[in-house]
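Participant: With the sequence up front, the predicted model follows.
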Amino acid sequence: MEEIKHVIVGTAGHIDHGKSALVEALTGTHPDRLEEEKRRGITIDLGFAFLNLDGVRFGFVDVPGHEKFVRNMLAGVGGIDLVLFVIAADESIKPQTREHFDICRLLGISRGIIAITKSDKVSSDVLDTVRLETEEFVRGSFLEGAPVIAVSARSGAGIEELKHELHRSARAVSSRDEKRHFRLPVDRAFAMKGFGTVATGTLVAGTLSVEDEVQLYPTQKRARVRGLHSGGKQVARAVAGQRTAANLAGIDITDVKRGMVLAAPGIFQPSWRLDASITLLPSARRLKNRARVHWHQGTAESVAEIIFLDGAAERSGGETALVQLKLDMPVVVLPEDRFILRQLSPVVTIGGGGILDTRPARHRRNDAGVKSFLETLECGNKEQSLLALTEVSARGLTCTETVSRTGWIKSDIRTAASNLARLGRLRIVGDLNAADFALVSISALAESLTAIREAIDALHAANPLLPGIPKQELRARAGNARAEIFEAALEELLKSRAIVISGDLVQRAGREIALAPEETRAKELIEREFANAGLAVPSFAVVLAKLPVEARRAQKILQILLREKVLVKVADDLVFHQIALKNLRETLVKHRKERGPRLPIGTFKELTGVSRKYAIPLLEYLDREHLTRRVGDERVIL
């Protein structure tokens, strides 16, 4: 069986030029669905119809032509593959013809067919004139050389020829990528009795199946796909390029609105700020830096503040610029998504552009590095773009973050990262085949290596008696790099024998603690005091008073003895010599042989000659060391 190709066709053109009637003549379905539309005889919101034609399933999106409803037109035209550009023979080119044409060009639509409607209302001479005017109007655009077909929805003239041209053009339309993460921008949501919430839109990428778990962005609410419809039929699976209606379980109709996006859970992150390239129409007024405009992408719309990244105070009509857009609401978009800009007041289309980065930082004005970076994202291949993204991410970039920022699938990221790592352009941290891994630029890794070395040297200089730094403290002192990058840098320093790691402590390789004469004497005094004390140890404050060094150094000498395990800390305020604890173990072994395993607290005090002050902490220590086990108020010697 021949595989069905799915193609979305969008109408465009001035009000009352017969777009809806033409869709009805082609499909048998009138796309107007609202009572107000039928009563007033004009299209107000998006309408939909379908046509199967020799292996191609066309989904028609009929848009309103009135200037007041351009925002509704923009919600439907963003996902189309082919434009059916409509000009009435009895009126020729009108204002909304021009605005719709500008919108199609700014959105990067590359294919279309021109239909001259109401051809039965004019003479052949007038029809020829309109044809010439139309060809002149589209010269130099994507519609230059496109089929121009005179039709009449009333008489049926030209309809079969138009169908033939639609089919021919559809065969040349590139299929959308079914392997990418699915995205369904919502253009309509309603509640159906017995089914619940239904969200509709054009599936612009990926596939969607019944029982899939989905997430509604930007709200992050999750739902389950209870059922799918496309082309008026129930389907088990929808693919990129199809008009799709998803019946959603677990979400209320009040939670779903036009402009939201259905996508896989946890894949994307909504953005409030975007870097982009824009082009202003020649007819546009001068646009000032930080001007506010209406921004439309897919089915979403927002007010956006425009910041020129080259420091310009304003731009004239016809100019192109790199900008940062600050939106007043979060959106889910990806690089290469096209958008439209409309003036805040009066509301007219002034330009459009393409998204370059969905996770930009706030840039300094006229930063040459930003221009170079964005030009790489705009024109570079995946490897060049991935390297650029990694190099501007001081803390590195995980595979998951890359997916969210670019929309690429993980296999593409792995391939690009592997090639770049092989060329020595970046470093992969972690297992490339794991669910997630990190990428770090060579320069960022070098900076981390330097920061770690400097932090270690600084700590050794300030604390000559400390043998090393705990890893977490070192990470904080060395710039708090991402954990994976920090571990990679430590690994690099270990390989080069620049550091030594003992347990959790990191120190410079070859370093030894050199005690001053008075520190050596203090160390000997501390050890002797605790050795002589047995189990009736003094408080450290008492020992401190006898030492030839100040309290700060004495504390560090105590830490050295604890690390060397000459002394053992049993409780916060109790330290014992290891010989005393060894003797205690031998005493318990002897007691078990002679009198059995039972060890009441009173017996323990008699054996050791210590008061309850020492007995309880010592017994708890013995429990932790698995030499005794508490049973009620007694211990059992193990």
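Facilitator: All right, it came through fine.
Participant: and residue 353, helix, strand or coil?
Facilitator: Assigned with DSSP: H, G, I helix; E, B strand; the rest coil, residue 353 falls in the strand class.
Participant: From what I see, it and residue 338 are in contact.
Facilitator: Yes. Residue 353 is in contact with residue 338 according to C-beta atoms under 8 Å; the separation is 7.2 Å. Backbone N, C-alpha and C define where each C-beta goes, glycine included.
Participant: For these two, work out which one has more neighbours and name it.
Facilitator: Counted by other C-beta atoms under 10 Å, residue 353 and residue 338 do not tie: residue 353 has more neighbours, with 26 against 18.
Participant: What sits closest to the more buried one if chain neighbours are left out?
Facilitator: residue 278 (3.6 Å; C-beta to C-beta, 6 or more residues apart in numbering).
Participant: Kindly report the same for residue 326.
Facilitator: Using C-beta to C-beta, 6+ apart, the closest residue to residue 326 is residue 305 (4.3 Å).
Participant: how about the strands in the stretch 51-200 of the chain?
Facilitator: For the stretch 51-200 of the chain, strands defined by DSSP state E, counting those that start in this stretch occupy the ranges 56-62, 82-88, 112-117, 148-150, 183-185, 188-192, 196-202.
Participant: starting at the chain centroid, how far to the fifth one?
Facilitator: Read that as strand 183-185. Relative to its chain's centre, strand 183-185 lies at 16 Å (C-alpha atoms, centre = their mean, to the nearest Å).
Participant: Repeat that for the fourth one.
Facilitator: Centroid separation for strand 148-150 versus its chain: 45 Å, with C-alpha atoms, centre = their mean.
Participant: picking that back up, what do residue 353 and residue 338 both touch?
Facilitator: Taking C-beta atoms under 8 Å, 6 or more residues apart in numbering as the criterion, residue 353 and residue 338 both touch residue 106.
Participant: give me the element residue 324 is part of.
Facilitator: strand 320-331 (DSSP states H and E).
Participant: Tell me the buried residues in that strand?
Facilitator: Within strand 320-331, the residues scored as buried using 16 or more other C-beta atoms under 10 Å are 321, 322, 323, 324, 325, 326, 327, 331.
Participant: again, but for stretch 303-312
Facilitator: Result for stretch 303-312 [16+ other C-beta under 10 Å]: buried residues 304, 305, 306, 307, 308, 309.
Participant: quick one: contacts for residue 170?
Facilitator: 5, 7, 53, 56, 58, 81, 82 are the contacts of residue 170 under C-beta under 8 Å, 6+ apart.
Participant: Can you say which of the residues you listed are buried?
Facilitator: Buried subset of the contacts of residue 170 (neighbour count, 16+ other C-beta under 10 Å): 5, 7, 56, 58, 81, 82.
Participant: Check the offset of stretch 123-136 from the chain's centre.
Facilitator: 51 Å.
Participant: In it, which residues are buried?
Facilitator: Going by 16+ other C-beta under 10 Å, stretch 123-136 has these buried residues: 127, 130, 131, 134.
Participant: do the same with stretch 522-537
Facilitator: By neighbour count on 16+ other C-beta under 10 Å, the buried set for stretch 522-537 is 522, 523, 525, 526, 527, 529, 530, 531, 533, 534, 535, 537.
Participant: Sketch out the low-pLDDT regions of this protein for me.
Facilitator: Scanning the chain with the threshold set as pLDDT under 70 gives 1-2, 34, 37-42, 66, 460-467, 510-520, 541-542, 545-552, 554, 564.
Participant: Give me the most central residue, it.
Facilitator: residue 404 (2.8 Å; C-alpha atoms, centre = their mean).
Participant: Could you look up the SS state of that residue?
Facilitator: helix.
Participant: can you check residue 427 too?
Facilitator: Assigned with three-state DSSP, residue 427 falls in the strand class.
Participant: pretty sure it contacts residue 488?
Facilitator: Yes. Here residue 427 lies in contact with residue 488, judged by C-beta under 8 Å, at a distance of 6.4 Å.
Participant: Tabulate the buried residues of stretch 123-136 (TSV), appending distance to residue 226.
Facilitator: As requested, the buried residues of stretch 123-136 are exported to TSV (distance: C-beta to C-beta, whole Å):
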residue	distance to residue 226
127	51
130	49
131	50
134	46
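Participant: which ones among these are found in helices?
Facilitator: Among the buried residues of stretch 123-136, the residues falling in helices (DSSP state H) are 127, 130, 131, 134.
Participant: so what secondary structure elements neighbour the strand holding residue 324?
Facilitator: For strand 320-331, the elements it packs on are strand 271-280, strand 292-297, strand 300-308, helix 368-379, judged by 3 or more C-beta pairs under 8 Å, 6 or more residues apart in numbering; DSSP states H and E.
Participant: what inclination does that strand have with respect to strand 300-308?
Facilitator: Relative orientation of strand 320-331 with respect to strand 300-308: 140 degrees, computed using axes from the mean of the first three to the mean of the last three C-alpha atoms, to 10 degrees.
Participant: tell me the angle strand 320-331 makes with strand 292-297.
Facilitator: Strand 320-331 and strand 292-297 are oriented at 80 degrees to each other (the same axes, to 10 degrees).
Participant: Listing partners with orientation, what would you give for strand 320-331?
Facilitator: As defined by DSSP bridges, the strand partners of strand 320-331 come to strand 271-280 (antiparallel), strand 300-308 (antiparallel).
Participant: of the ones you listed, which approaches residue 12 most closely?
Facilitator: strand 300-308 (18.1 Å; C-beta to C-beta).
Participant: Skip ahead from that closest one and say which helix or strand is next.
Facilitator: Counting by DSSP H and E, the element after strand 300-308 in chain order, helix or strand, is strand 314-315.
Participant: tell me how far that following strand is from the chain's mean position?
Facilitator: Strand 314-315 has its average C-alpha position 31 Å from the chain's average C-alpha position, going by C-alpha atoms, centre = their mean.
Participant: List the strands paired with that strand, with their directions.
Facilitator: Looking at strand 314-315 with DSSP bridges, its partner strands are strand 287-288 (antiparallel).
Participant: In contact with residue 528, which residues are there?
Facilitator: Taking C-beta under 8 Å, 6+ apart as the definition, residue 528 has no contacts.
Participant: Does it belong to a helix, a strand or coil?
Facilitator: Of the three states, residue 528 takes helix under three-state DSSP.
Participant: Downstream of the longest helix seen in the chain, the next helix or strand is which one?
Facilitator: Counting residues, the longest helix found in the chain (DSSP H) is helix 442-462. Later in the chain than helix 442-462, the nearest helix or strand by DSSP H and E is strand 469-470.
Participant: partner strands of that following strand, parallel or antiparallel?
Facilitator: Paired strands of strand 469-470, defined by DSSP bridges, are strand 505-508 (antiparallel).
Participant: just to revisit the earlier point, so which of the strands paired with strand 320-331 gets nearest residue 366?
Facilitator: strand 300-308 (9.1 Å).
Participant: What is the burial count for the nearest residue in space to residue 59 that is not next to it in sequence?
Facilitator: With C-beta to C-beta, 6+ apart as the criterion, residue 59 has its nearest non-adjacent residue at 3.7 Å, and that residue is residue 243. Using other C-beta under 10 Å, residue 243 has 25 neighbouring residues.
Participant: now do the one 4 residues further on
Facilitator: The local packing of residue 247 (other C-beta under 10 Å) involves 19 other residues.
Participant: Kind regards, and thank you for your time.
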